[in-house]
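> Sequence and predicted structure below; questions after.
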Amino acid sequence: IQIKSLRGDTGGLITLDPGFKNTGSCESAITFLNGEEGILRYRGYSIEDLAEKASFLEVAYLLIFGELPTQEQLDKFYGDIKEESHVDEEMKKILDGFPKTAHPMGVLSSLTSALIAFNPGSVNVDSEEDMYTAIVKLLAKFPVLVAWTLRKRNSKPLDYGDSSLNYVDNILKMMFKKPNEEYKVNAKVSEALNKLLILHADHEQNCSTSTVRIVGSSHAGLFASISAGISALWGPLHGGANQAVIEMLEGIKEDGGDTKKYMQKAKDKEDPFRLMGFGHRVYKNFDPRARIIKKSADEVLGDLGIEDPVLDIAKGLEKEALEDNYFVERKLYPNVDFYSGIIYRALGIPTEMFTVMFALGRLPGWIAQWREMRLKKEPIGRPRQVYIGENHRDFKDIEKR
Ligand code: ACO
């Protein structure tokens, strides 16, 4: 049912839908998701095909501009990105001001917002050309900010990328290169990261994407909208779940590995504990991304010769949940975040950076959704409410209260 406005015809009738469980906020041609059948497609292409065959930058182009790029288009796109990869030196001072213990998501959101001060032309972007410039700038500078955030945590000197590398390899090098040492990209690591970034690249109107669209709908610029999206993603019920999953699995391991005890806790309504990485607002059969990631976790750990006991705990929990009425009745299955942290860890990425890696992957999706919203000239997002507070009250002077 499409509603234009109920106001005129109904004298102010509004729909109430907490959590927007049944409310569509827009029409979109970017991502198709069928939660009952576990289907996810970007611009019509299946996530399975894209994860297997595409590069992350191709997928970014596809999401943002609607078509898979030709080689020429991709070269031009990456060439434009490389030209914008410089981040103002003054930004290093801002990063320096943060304590080393600051959560990387807070730092990344702040730095993304701070970019506006150094790129004021990226705010009022009404033409497609201006939008393109803002988009390219962000795709270029965001990985630098991600790498700097990690390097600051690890007390490593801040550096720029290597334009001879592809987009994903360049990210790895910026993150992990040690001073005075050659950095050679491990092809298996690069392949795994490429896949993870693609799997996270868009997911229609989730919490962070809706945030990006709603902030952008006030015509705040792209960088401000993305900065807000990063904050929305940070929460443990959304992107922050990947960090929460590993912490949960570690906790179970340290507590003797008794998965049954934790299954019980998750089912106990008096206990706030939830099985992190389980359940999804839309997927009620399986999350296709989780299937790909589970397989990838096995492959990556095998390829890198890593044995991680938490992978066994994760598989044990999944097996028990599939046979447990509580989880079956509520259609709770592993989501994208259940196995992703195990791979990130195998790639040498610290736990607190997991959600930052999610943001890196989601960036093209957020950009595509912001661009679509602006090109369609969508109205400002402004939900209504049902007021349940006090009725009219007479003001009391302070001495009479
Ligand atoms: N563990 C235990 N019980 C759960 C879980 C869980 N992980 N998830 C949902 N439930 C239960 C709820 O308690 C509720 O039970 P009830 O009907 O007896 O009250 C029922 O399942 C429905 O759950 P809701 O919270 O109403 O479902 P909603 O669609 O609002 O929430 C969400 C979805 C937030 C993902 C939820 O499943 C959750 O908290 N999962 C854990 C966090 C997580 O993994 N988040 C990442 C999601 S994917 C992403 O954002 C990238």
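Ah, there it is.
> which bits of this protein sit near the ligand?
The chain comes close to the ligand at residues 19, 206, 237-239, 241, 266, 274-281, 330, 332, 335-337, as judged by C-beta under 6 Å from any ligand atom. (C-beta placed from N, C-alpha, C; glycine too.)
> can you map out the strands along the stretch 301-401 of the chain?
Counting by DSSP state E, counting those that start in this stretch, the stretch 301-401 of the chain has no strands at all.
> ditto for the chain
Along the chain, counting by DSSP state E, strands occupy 31-34, 39-42, 45-46.
> From residue 382, how far out is the residue nearest to residue 381 when sequence neighbours are not counted?
Closest residue to residue 381 apart from its sequence neighbours, by C-beta to C-beta, 6 or more residues apart in numbering: residue 214 at 3.7 Å. Residue 214 sits 9 Å away from residue 382, going by C-beta to C-beta, to the nearest Å.
> burial measure for whichever residue of the chain sits closest to the ligand, as a count.
Residue nearest to the ligand within the chain: residue 279 (2.3 Å; C-beta to the nearest ligand atom). Counted by other C-beta atoms under 10 Å, the residues lying close to residue 279 total 21.
> try the one 10 residues further on
Residue 289 sits with 27 neighbouring residues when counted by other C-beta under 10 Å.
> Please list all residues in contact with it.
40, 47, 199, 200, 335, 336 (C-beta atoms under 8 Å, 6 or more residues apart in numbering).
> Distance of the nearest residue to the third one once chain neighbours are set aside relative to residue 401?
On the basis of C-beta to C-beta, 6+ apart, the spatially nearest residue to residue 199 that is not a chain neighbour turns out to be residue 289, at 4.5 Å. Distance check for residue 289 against residue 401: by C-beta to C-beta, it reads 55 Å.
> Would you map the helices across the stretch 251-400 of the chain?
Remark: helices assigned in the stretch 251-400 of the chain by DSSP state H, counting those that start in this stretch are 259-267, 288-303, 309-322, 325-329, 337-346, 354-375.
> Contacts for the first one, please.
Looking back up the chat, that one is helix 259-267. With C-beta under 8 Å, 6+ apart as the contact definition, helix 259-267 has outside contacts at 248, 252, 255, 271, 273-275, 278, 313, 316-317, 320-321, 324, 326.
> now it and helix 309-322, what's the angle there?
60 degrees (axes from the mean of the first three to the mean of the last three C-alpha atoms, to 10 degrees).
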